[in-house]
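Chemist: predicted model, plus sequence, below.
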Amino acid sequence: MNSYITFIVKKVLLSIVTVFAISIFAFLIMQMTPGDPVRAMLGAEADEAIVEATRTELNLDKPLVVQYTLWLKNALRGDFGTSLVLNQDIGEILATRIPVTLSLTIPALIISLVLGILIGVLCAVHRGSALDQIMTVLMTTMNGIPVFWIGIMMMYFFGVKLGWLPLMGYTSPFEDFGQYVAKAVMPVTIMAFGPLSSIARQVRTNMLEVINQDYIRTARANGLSESSVKYKHALKNSLIPVITLIALQVRSLVGGSLLGEQVFSIAGMGRLIMVSVMNKDYLVVQATVFVISLFVVVCNLILDISYGLVDPRIRLTGGKGR
């Protein structure tokens with residue numbers, strides 16, 4: 001137990017360091033991009049005295065280390081400043097954008113897990129069959145097709161040609177659930193494509209490996225039914241490595257939201273960060289990257305701890321065996 005607690009403490013400390021490292025990286029990247037954020041905010045014809053006063057107000061006249069320290073100090077208190085372009089409190093902007101992105105990524109993750117596990121198990125149980133071959137080719141193809149291309153094709157067929165779904169936009173599920181579903185079908189689908197195929201292939205591989213283990217042959221020899229052997233014993237153990245894979249898919253879904261929200265003109269976190277980068281609204285970029293990285297790191301931490309709970313080797317080695 002002590003080794004497992006040590007494992008958790010190490011993971012928490014590593015997560016904190018990771019968030020800080022990402023925030024530093026985002027800060028430096030925005031500093032190196034061409035253009036003057038103050039000029040972009042005030043306009044090219046703004047008086048030089050006003051520009052310098054604004055730069056001083058935003059602490060942009062101070063050394064980079066001081067700028068980052070001041071920003072981080074405020075960010076840890078939940079104060080991300082004011083958007084240079086939108087002239088709105090960044091905390092308020094994030095409060096409206098985060099629920100939008102979560103309402104798309106969470107359904108995409110659930111769909112990916114349910115269908116991925118189902119398809120992976122079916123392919124493993126019916127290994128070599130037509131179903132297995134077709135689904136394997138399909139999953140491999142899905143993993144390689146660009147997300148934006150899938151989105152454009154779906155918009156053309158389901159939106160333009162058939163007129164079944166709205167082409168773009170977003171409606172909160174708390175306002176009109178029917179409209180939310182109609183507008184979320186396409187973005188959620190393209191966000192789920194990559195994770196679904198990865199999970200299905202991983203589950204299939206794990207199932208095939210577990211089915212050939214000695215304890216599975218022993219279970220069969222003891223007279224257990226084939227369904228009990230496959231779905232109770234083999235499936236349970238084959239899903240343990242999938243927990244680690246879920247952490248990777250969370251990052252994949254965050255990346256997919258960047259393209260999905262842009263393609264379907266959805267005002268979420270992904271679209272916010274892309275617009276802010278183009279407008280050099282560096283305060284919004286830093287805040288958005290900080291919040292997204294914090295979300296991903298916390299998800300990974302929870303999954304790491306969960307992995308330690310379901311895998312006895314983690315409890316014994318404190319994570320050294322991973």
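Modeler: That came in fine, so what should we check first?

Chemist: look up how far Ile8 lies from Gln133.
Modeler: Between Gln133 and Ile8 the computed distance is 43 Å (CB to CB, to the nearest Å). Quick note: C-beta positions are derived from backbone N, CA and C, even for glycine.

Chemist: what does Gln286 give?
Modeler: Noted for Gln286: a distance of 29 Å to Ile8, by CB to CB.

Chemist: neighbour count: those two, which is higher?
Modeler: Higher neighbour count among Gln286 and Ile8: Gln286, with 24 against 16, using other CB atoms under 10 Å.

Chemist: give me the buried stretch members for the helix or strand containing Ile16, please.
Modeler: Using DSSP states H and E, Ile16 maps to helix 2-32. By 16 or more other CB atoms under 10 Å, the buried positions in helix 2-32 come out as Tyr4, Phe7, Ile8, Lys11, Ser15, Thr18, Val19, Ile22, Ser23, Ala26, Phe27, Met30.

Chemist: kindly report the same for stretch 260-280.
Modeler: 260-264, 266-277, 279-280.

Chemist: what do you get for stretch 178-188?
Modeler: Neighbour-count burial for stretch 178-188 [16+ other CB under 10 Å]: Tyr180, Lys183, Ala184, Val185, Met186, Pro187, Val188.

Chemist: the last one and Arg201, how far apart?
Modeler: In this view, Val188 and Arg201 are 21 Å apart by CB to CB.

Chemist: same question, the second one
Modeler: With the distance defined as CB to CB, Lys183 ends up 30 Å from Arg201.

Chemist: go on, the first one?
Modeler: Separation of Tyr180 from Arg201 (CB to CB): 31 Å.

Chemist: same thing with the fourth one?
Modeler: In this structure, Val185 and Arg201 are 24 Å apart, going by CB to CB.

Chemist: and for the third one?
Modeler: As for Ala184, its distance to Arg201 is 26 Å (criterion: CB to CB).

Chemist: residue ranges for the helices of the stretch 151-300 of the chain, please.
Modeler: Under the criterion DSSP state H, counting those that start in this stretch, helices of the stretch 151-300 of the chain are mapped to 177-211, 214-221, 226-228, 235-238, 240-263, 269-278, 282-310.

Chemist: returning to that earlier point: packing partners for the helix holding Ile16?
Modeler: helix 64-76, helix 282-310, helix 312-317 (3 or more CB pairs under 8 Å, 6 or more residues apart in numbering; DSSP states H and E).

Chemist: where in the stretch 201-322 of the chain is pLDDT low?
Modeler: 212-217, 219-240, 247, 307-322 (pLDDT under 70).

Chemist: if you set the cut-off to 50 instead, what comes out?
Modeler: Scanning the stretch 201-322 of the chain for pLDDT under 50 picks out 318-322.

Chemist: shouldn't Phe158 be in contact with Leu165?
Modeler: Yes: here Phe158 reaches Leu165: they are 4.6 Å apart, a contact under CB atoms under 8 Å.

Chemist: I'd guessed Ile305 sits against Ile8; true?
Modeler: Yes: assessed by CB under 8 Å, Ile305 is found in contact with Ile8 at 5.9 Å.

Chemist: quick one, what contacts Arg204?
Modeler: Listed by CB atoms under 8 Å, 6 or more residues apart in numbering, the contact partners of Arg204 are Ile119, Gly120, Val121, Cys123, Ala124, Asp132, Thr136.

Chemist: of these, which belong to helices?
Modeler: Among those, the subset assigned to helices under DSSP state H consists of Ile119, Gly120, Val121, Cys123, Ala124, Asp132, Thr136.

Chemist: count the neighbours of the fourth one for me.
Modeler: The local packing of Cys123 (other CB under 10 Å) involves 25 other residues.

Chemist: check the third one too.
Modeler: Around Val121 sit 21 other residues, with neighbours defined as other CB under 10 Å.

Chemist: quick check: it vs Pro195, distance?
Modeler: 17 Å.

Chemist: repeat that for the second one.
Modeler: Separation of Gly120 from Pro195 (CB to CB) stands at 12 Å.
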